[in-house]
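[1] here you go, sequence then predicted model.
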Amino acid sequence: MSAQPLEIRMAHLEGAYEQIAERLTGIDRRLDSFEHKMEARFTQIDGRFGQIESRFIQIDGRFAQIDGRFAQIDRKFMWLIGLGVTAWVSTTLAVLLHR
């Protein structure tokens, strides 16, 4: 074996290694780009979940208001029933005791 073919082979290997290095660098850049895109998407999704959470908080507040209104209606209904029963009992007693 002469020195010339060894140098040619070494040059060929060095060229192949450079091509591999360039390809790996390209792959690395694409992965970095993909990572940045995914990070942006997850940030966007986190923002949307934050919006949904604030909407649920608003809905919970509205349900609390509705519960308070139903409590008022329940109290007024109980007063109405109480007045009706009282009127019925007093009318019944008045009729029974009048005779």
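    Received, thanks.
[2] tell me the SS of residue 52?
    What DSSP: H, G, I helix; E, B strand; the rest coil gives for residue 52 is helix.
[3] where does this protein dip in pLDDT?
    1-3, 99 (pLDDT under 70).
[4] how close does the residue sitting nearest the centre point of the chain sit to residue 56?
    Per C-alpha atoms, centre = their mean, the C-alpha nearest to the average position across the chain is that of residue 49, at 3.2 Å. If you measure residue 49 against residue 56 using C-beta to C-beta, to the nearest Å, the figure is 10 Å. The way it works is simple: take the backbone N, C-alpha and C, and place the C-beta from them, glycine included.
[5] also residue 28?
    The spacing between residue 28 and residue 56, counted by C-beta to C-beta, is 42 Å.
[6] same question, residue 47
    The gap separating residue 47 from residue 56 is 15 Å, by C-beta to C-beta.
[7] and what of residue 17?
    For residue 17, the distance to residue 56 equals 57 Å [C-beta to C-beta].
[8] quickly find the element holding residue 30.
    Assigning secondary structure by DSSP states H and E places residue 30 in helix 3-98.
[9] okay, buried residues for stretch 57-74 please.
    Applying a neighbour-count criterion of 16 or more other C-beta atoms under 10 Å, one finds nothing buried in stretch 57-74.
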